[in-house]
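# Attaching a predicted model along with its sequence, questions to come.
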Amino acid sequence: MKIAILRIGPLDADVLEEIQGGLCGVFPETACLVLDDVMPMPEDAYNAARRQYYSSSVLSKIEDFLKGSVADRVLGITGEDLYVPRLNFVFGEAQCPGKVAIISLHRLKPEFYGQPPDGELFFGRSVKEAVHEIGHTLGLRHCHNPRCIMFFSNSILDTDRKDLAFCEGCYPLVLKGLGIKAR
């Protein structure tokens, strides 16, 4: 699988490198590249009353922005806060199954919760959310195992509790989605 990372607005290169390495480390036989292109955050996705961006709208814009991409999957990454109706926020969203996913780094930073900056914690959370959303593009649904990377994160505590790995029930589905025979 080839994953292209698309910056949506300005982002720190360090977190992009961590996510790139994390995706390649978790998904077997995967190449991951950070695109030179930077997509602007679509203004029409902004909800002024919520002060957030509607992630489904941004997701469709990513698909339009990268028409004809040679990558198997595209992961958009933004520093802006995202939401979907009926939820206060989302860490990310993906087509399930599909080609396109997005994550927000906004609520992954310890500073958002009044804690001091912690690069290791922030990078770990970012990689977990990236892996989770790419898992959705492979057709995986949310898992009931709170340690599995595919568990739904209702809060940052759920993200912190998860392992950076698929459980024994989800991992065969990853291999199947990648077209790799289980050993």
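That came in fine, so what should we check first? Residues are numbered from 1 along each chain as shown.

# Y83: how many residues sit nearby?
Using other Cβ atoms under 10 Å, the number of residues around Y83 comes to 19. Yep, even glycine has a C-beta here, placed from its N, CA and C like the rest.

# Report the separation between it and V90.
Taking Cβ to Cβ, to the nearest Å as the measure, Y83 falls 6 Å from V90.

# who touches both of the two?
Between them, Y83 and V90 have S55 as joint contacts when contacts are counted by Cβ atoms under 8 Å, 6 or more residues apart in numbering.

# so L105 makes contact with G76?
No. Using Cβ atoms under 8 Å, L105 and G76 do not qualify as a contacting pair, with a distance of 11.3 Å.

# more crowded one of the two?
When L105 is set against G76 and neighbours are counted by other Cβ under 10 Å, the residue ahead is G76, at 30 against 23.

# Now do the contacts for the closest residue to the more buried one other than its chain neighbours.
In space, and not counting its chain neighbours, G76 is closest to I102: 4.0 Å by Cβ to Cβ, 6 or more residues apart in numbering. Each residue near I102 by Cβ under 8 Å, 6+ apart is listed here: 8, 55, 58-59, 62, 75-78, 82, 92-94, 133.

# out of the residues you listed, which is most surrounded?
That'd be G76 among the contacts of I102, by other Cβ under 10 Å, with 30 neighbours.

# Could you check how far it is from L33?
Applying Cβ to Cβ, one obtains 14 Å for the distance of G76 from L33.

# need the longest helix for the chain.
Longest helix in the chain by number of residues, with DSSP state H as the criterion: helix 119-137.

# so L108 makes contact with R125?
Yes. Taking contacts as Cβ under 8 Å, L108 lies within contact range of R125: 4.1 Å.

# Identify the contacts common to these two.
Taking Cβ under 8 Å, 6+ apart as the contact definition, L108 and R125 share the neighbouring residues 156, 159.

# OK, contacts around the spatially most central residue of the chain?
For the chain, A130 is the residue whose C-alpha lies nearest the centre (Cα atoms, centre = their mean; 3.1 Å). Listed by Cβ under 8 Å, 6+ apart, the contact partners of A130 are 19, 22-23, 75, 77, 92, 103.
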